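Novice: Sharing a model prediction with you, sequence too.
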Amino acid sequence: MRIILYISLSILLFLQLGMSCKKEQPIEPCNNPSKPKMKVNENFDLVWDIKVNENFICVATVVTPNEVVYWTWKGAGHNDYMVAFNKATGDTLWHRDATGGTSNHTLVGNNIYLNINDRLVCIDPSTGNEVWRYSPAYLSDYVFANGSIYAFFEQGHSSDSTFLYEINPTTGIGNKIFTISASDRSGYRQIPKGIAYWQHPNGNDILFVQSGGLNVSVGRGEYFAIDITGDSMYWDLGNYFNSVGIGSAPIIHGNNVILNEGWTYNASLDLVNKTVNWKTTVPEVNRTRGGTMVIMNNKIFQSVGNPNSFSGSSSVLNIFDLNTGALKSSLKNVGHDWRASPLRTDNNKIYFTATEYIEIVDANTNELIQKILFNEQIGDNLGGYPGAGLDVDPTNGNIYTTRGWSFVCIKEK
């Protein structure tokens, strides 16, 4: 009886998948993508879209050599759903539950690495299968360098220590290599969120770390560099900005590290001489918290984040001179951070989503050259606005994101 019931249910499930999107799993895509060959606007065409039954929130998008993988979530709690499409045709390749909330999605080689419920996980993007999972404690952040993964794991509220592990990206086998103790940092246990690798001229491997220090319920932003080769603290800046929080993750440029505190400060530090190249204060009307940074054409692009009372209801994209820290330009009215994607770069352009638009900035002129708003016919069909996940295919410039109830691929003419 059980076998008959199982076969019947399997047949029913097969029919549902072949004929329509499943009502009980609204994030699951239809098997037959729409390929309307319609123009989004005068400069872009819609290559394909895959519509689902109900609205959802896209949290990340990663383009691989063959696939495009999306992570979405919907409703109460946070249990992300993964779905992969053939990036050229939009055909569904696989879909499954991530079994937890996800963040820090990174493509390296043939695999995607991500944080799932504070665990470092490696998946095969061609199948969605988990290759390995590493979880000695609670993952804070990780970075790839010299063929290894360096990852910080905090031990929890009652622990004094945060541990740094070196992990083999192929096998998922790791070793603890460094310890940071709250007792050595005025009682602030460390929660690193932003790591940048740098190699000293003497050959030593250095990690520059931005961390949210926490002492019971009191927070502060901390900055330090660890000499992995020498097994020692290379440079400890403590609460450098005298701030309760941290901003965009640091970026290495040559022998310098670029910092963003969040609301107020940016800085460039010389890692060889351990000196400050420049430290600037962002004008109140241009301040925007969080976001991410990229460097292009000798400029720092610091992305949209939370708007403040001075910048109005919209967030801001700030552009700074890499050598002096001077504010060169500020692009306002670029939407809110709750729909903002990471900054993606390709062909001297910077791409991101914010509120109702896909935005493209010319890295040469500092001008916003596109605010892609889908035309009325396509917009009405897809519904909603772009989500927080966006990626650009470096081989052809195709843009992958979401629009309302649909996964979309658009291409510049």
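Specialist: Here it is on my side, so go on.

Novice: Helices along the stretch 1-150 of the chain, start to end?
Specialist: All helices of the stretch 1-150 of the chain, identified by DSSP state H, counting those that start in this stretch, fall at 2-19.

Novice: so Gly219 touches Lys193, yeah?
Specialist: No - counting by Cβ atoms under 8 Å, Lys193 is not a contact partner of Gly219; they are 11.5 Å apart. C-beta here means a position set from N, CA and C on the backbone, and glycine is covered the same way.

Novice: Tell me which stretches of the stretch 251-400 of the chain form helices.
Specialist: For the stretch 251-400 of the chain, the helices defined by DSSP H, counting those that start in this stretch cover 376-382.

Novice: contacting residues around Val272?
Specialist: His200, Pro201, Asn255 (Cβ atoms under 8 Å, 6 or more residues apart in numbering).

Novice: again, only this time at 6 Å
Specialist: Asn255 (Cβ atoms under 6 Å, 6 or more residues apart in numbering).

Novice: Quickly note the distance from it to Val392.
Specialist: 34 Å (Cβ to Cβ, to the nearest Å).

Novice: Ok, Ile173 next?
Specialist: Applying Cβ to Cβ to Ile173 and Val392 gives a distance of 33 Å.

Novice: ok, those two, which is more surrounded?
Specialist: Val392 (21 against 10; other Cβ atoms under 10 Å).

Novice: Bridge partners for the more buried one, pull those for me.
Specialist: Bridge pairing for Val392 (DSSP bridges) gives the partners Ile399.

Novice: Thought Lys349 was touching it, still the case?
Specialist: No - using Cβ atoms under 6 Å, Val392 is not in contact with Lys349; the gap is 8.6 Å.

Novice: Report how many residues lie close to the closest residue to Lys332 other than its chain neighbours.
Specialist: Distance criterion Cβ to Cβ, 6 or more residues apart in numbering; nearest residue to Lys332, sequence neighbours excluded, is Val316 at 5.3 Å. Using other Cβ under 10 Å, Val316 has 24 neighbouring residues.

Novice: Could you tell me which ranges of the stretch 1-150 of the chain sit under the pLDDT cut-off?
Specialist: Along the stretch 1-150 of the chain, the model assigns pLDDT under 70 to residues 1-42, 74-77.

Novice: And the strands in it?
Specialist: Ranges of strands in the stretch 1-150 of the chain, per DSSP state E, counting those that start in this stretch, are 38-39, 44-51, 57-63, 67-73, 81-86, 92-97, 102-108, 111-116, 119-123, 130-134, 138-145, 148-154.

Novice: mind putting the ones you listed in JSON lines, mean neighbour count included?
Specialist: Below are these laid out as JSON lines (neighbours: other Cβ atoms under 10 Å):
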{"stretch": "strand 38-39", "mean neighbour count": "16"}
{"stretch": "strand 44-51", "mean neighbour count": "21"}
{"stretch": "strand 57-63", "mean neighbour count": "22"}
{"stretch": "strand 67-73", "mean neighbour count": "23"}
{"stretch": "strand 81-86", "mean neighbour count": "21"}
{"stretch": "strand 92-97", "mean neighbour count": "16"}
{"stretch": "strand 102-108", "mean neighbour count": "17"}
{"stretch": "strand 111-116", "mean neighbour count": "22"}
{"stretch": "strand 119-123", "mean neighbour count": "22"}
{"stretch": "strand 130-134", "mean neighbour count": "16"}
{"stretch": "strand 138-145", "mean neighbour count": "20"}
{"stretch": "strand 148-154", "mean neighbour count": "23"}
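
Novice: can I get these in TSV with distance to Phe241?
Specialist: Output for those, formatted as TSV (distance: least, Cβ to Cβ, whole Å):
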stretch	distance to Phe241
strand 38-39	47
strand 44-51	40
strand 57-63	28
strand 67-73	32
strand 81-86	37
strand 92-97	40
strand 102-108	23
strand 111-116	26
strand 119-123	29
strand 130-134	32
strand 138-145	19
strand 148-154	20
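
Novice: Those: which one's closest to Met233?
Specialist: Evaluated with Cβ to Cβ, these place strand 148-154 nearest to Met233, the distance being 14.3 Å.

Novice: Give me the angle between that closest one and strand 102-108.
Specialist: Orientation check (axes from the mean of the first three to the mean of the last three Cα atoms, to 10 degrees): strand 148-154 against strand 102-108 gives 170 degrees.

Novice: tell me what strand 148-154 is packed against?
Specialist: strand 138-145, strand 161-167 (3 or more Cβ pairs under 6 Å, 6 or more residues apart in numbering; DSSP states H and E).

Novice: pull the CA atoms of stretch 215-235 into PDB?
Specialist: Provided in PDB are the C-alpha atoms of stretch 215-235 (Å, rounded to 0.1, in the frame of the first residue of the first chain):
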ATOM      1  CA  ASN A 215      31.500  43.700  25.100                       C
ATOM      2  CA  VAL A 216      28.200  42.400  26.400                       C
ATOM      3  CA  SER A 217      25.900  44.800  24.500                       C
ATOM      4  CA  VAL A 218      28.400  47.500  23.700                       C
ATOM      5  CA  GLY A 219      29.900  47.400  20.200                       C
ATOM      6  CA  ARG A 220      32.900  49.100  18.600                       C
ATOM      7  CA  GLY A 221      34.700  48.900  15.200                       C
ATOM      8  CA  GLU A 222      38.200  47.300  15.400                       C
ATOM      9  CA  TYR A 223      41.000  47.000  12.900                       C
ATOM     10  CA  PHE A 224      44.100  44.800  13.000                       C
ATOM     11  CA  ALA A 225      46.500  42.900  10.700                       C
ATOM     12  CA  ILE A 226      47.700  39.400  11.400                       C
ATOM     13  CA  ASP A 227      51.000  38.100  10.200                       C
ATOM     14  CA  ILE A 228      50.100  34.500   9.300                       C
ATOM     15  CA  THR A 229      53.600  33.500   8.400                       C
ATOM     16  CA  GLY A 230      55.000  35.000  11.600                       C
ATOM     17  CA  ASP A 231      52.100  33.800  13.800                       C
ATOM     18  CA  SER A 232      51.800  37.200  15.300                       C
ATOM     19  CA  MET A 233      49.800  40.500  15.300                       C
ATOM     20  CA  TYR A 234      51.400  42.600  12.600                       C
ATOM     21  CA  TRP A 235      49.600  45.900  13.300                       C
END
